[in-house]
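Enquirer: Need coordinates for the following:
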Amino acid sequence: MADPFVFACIAPHGLPVIEALSPRDPELMATTRSSMQKLGIWMKEARPETIVVLTPHGLRIDGAFTVIDASHMSGEMSEHTLAGMSGEALPLPGNVVGMHRLVDRQLARQVVESAAGRGIPVAAANFATSEGPFSNLPLDWGAMIPLYFMPDTPVVVVTPSRRLSDTDHLRFGAALADAVRQSGKRVGLIASCDWSHAHHPTGPYGFHEDAAWLDEQVVQLLKTNEIEAMQQFSPERVANAKPDGIWQALILAGAIAKEHRHVEFLSYEVPTYFGLMCVAYHGSPRG
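Expert: Residues are numbered from 1 along each chain as shown. Just a heads-up that it's a prediction; the model follows:
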């Protein structure tokens, strides 16, 4: 079957990618920022009606894929969010980036139905009221940062569960793709992925040599369109390297057949303690 998405990408979610959240060192993630701007342009050119975001940092239900089925999602990030992650203290006030998105509840429910129909553990999550302004769940930084560069459309936000198998993530991707096809909508897809978090001894997760090894493997697999081979990483090396991108990438692989993944690898850098990669998946070969 043809690729159901008008555009797809793997994009990172380090806060300094947004220049306003890195005022003391705006060049810190400049390479990634430039790549994210390209991804945003290509997504805009694809004219999606809805963007599906796969984030590791959203509402997590143990042992199930979580699909947000609220009317709204909103959140904010600041320099202090970044400082809190690293244990650094900053004087108030700091720059703040806020965001609000409507949820495409029709598509969200189709995704839940499609996955449940395949026997995949999945949960629809709402908050406070069944609909309306109080039906509002947080946008996490894993969703907000890539969405910052994208057109302002309704969203469907999905958080995977690492208690489920790699095969379950591929199967969920196939269920997601079927739901998008059935919707008849123009839909974009973002797999929000940072990679190994153990590149630097002063980082919050310390240093491990497997971080560089795993990121090197991922770069090669993404460049050669072999996402599925990430299933072969040993659990020990994954635990040592501490990536948070494998699961979302596998969902993307399940959602877009290999022959329809026309890859454009844009960038990889490790400006701090974790790896950042930007990859575009076009519906047809470019150039």
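
Enquirer: Quick check: buried residues in stretch 148-156?
Expert: Of the residues in stretch 148-156, Tyr148, Phe149, Met150, Pro151, Thr153, Pro154, Val155, Val156 count as buried by neighbour count, 16 or more other CB atoms under 10 Å. (Each C-beta comes from the backbone N, C-alpha and C, glycine too.)

Enquirer: List of residues touching that stretch?
Expert: 11, 18, 36-37, 39-40, 43-44, 48-53, 67-68, 73, 97, 99, 101-104, 107-108, 111, 143, 147, 188, 190 (CB atoms under 8 Å, 6 or more residues apart in numbering).

Enquirer: Now, of those, which are buried?
Expert: 11, 18, 36, 39-40, 43-44, 48-53, 67-68, 73, 97, 99, 101, 103-104, 107-108, 111, 143, 147, 188, 190.

Enquirer: Can you tell me how far Ser74 is from Ala2?
Expert: Using CB to CB, to the nearest Å, Ser74 is found at 34 Å from Ala2.

Enquirer: So the two - more neighbours on which side?
Expert: The neighbour comparison of Ser74 against Ala2 (other CB atoms under 10 Å) goes to Ser74, with 14 against 11.

Enquirer: Now that one: closest residue in space that isn't a chain neighbour?
Expert: His100 (4.3 Å; CB to CB, 6 or more residues apart in numbering).

Enquirer: For Lys185, see how far away the closest residue to Val6 other than its chain neighbours is.
Expert: Counting by CB to CB, 6+ apart, Ala46 is the residue found nearest to Val6 once chain neighbours are left out, at 3.9 Å. According to CB to CB, Ala46 stands 12 Å off from Lys185.

Enquirer: got it, and Trp42?
Expert: Trp42 is 18 Å from Lys185, by CB to CB.

Enquirer: ok, back up a step: in strands only, show me the buried residues of stretch 148-156.
Expert: Among the buried residues of stretch 148-156, the members falling in strands (DSSP state E) are Val155, Val156.

Enquirer: in this protein, what secondary structure element scores lowest on mean pLDDT?
Expert: Of all helical and strand segments in the chain, the minimum by mean pLDDT, DSSP states H and E falls on helix 79-86, at a mean of 57.

Enquirer: Helix or strand next in line after it, which one?
Expert: Downstream of helix 79-86, the next assigned helix or strand under DSSP states H and E is strand 96-102.

Enquirer: just checking, what packs against that following strand?
Expert: With contacts taken as 3 or more CB pairs under 8 Å, 6 or more residues apart in numbering; DSSP states H and E, strand 96-102 sits against strand 72-78, helix 141-148.

Enquirer: distance between the shortest one and the chain's centre?
Expert: In this case it means strand 72-78. 16 Å (CA atoms, centre = their mean, to the nearest Å).

Enquirer: Buried residues in it, which are they?
Expert: In strand 72-78, counting by 16+ other CB under 10 Å, buried: His72, Met73, Gly75, Met77, Ser78.

Enquirer: okay, those residues in TSV with distance to Arg162 and pLDDT next?
Expert: Output for the buried residues of strand 72-78, formatted as TSV (distance: CB to CB, whole Å; pLDDT from 0 to 100):
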residue	distance to Arg162	pLDDT
His72	27	98
Met73	22	98
Gly75	23	94
Met77	24	90
Ser78	28	83
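
Enquirer: so can I have TSV of those showing distance to Glu131?
Expert: Converted to TSV, those look like this (distance: CB to CB, whole Å):
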residue	distance to Glu131
His72	10
Met73	14
Gly75	20
Met77	27
Ser78	30
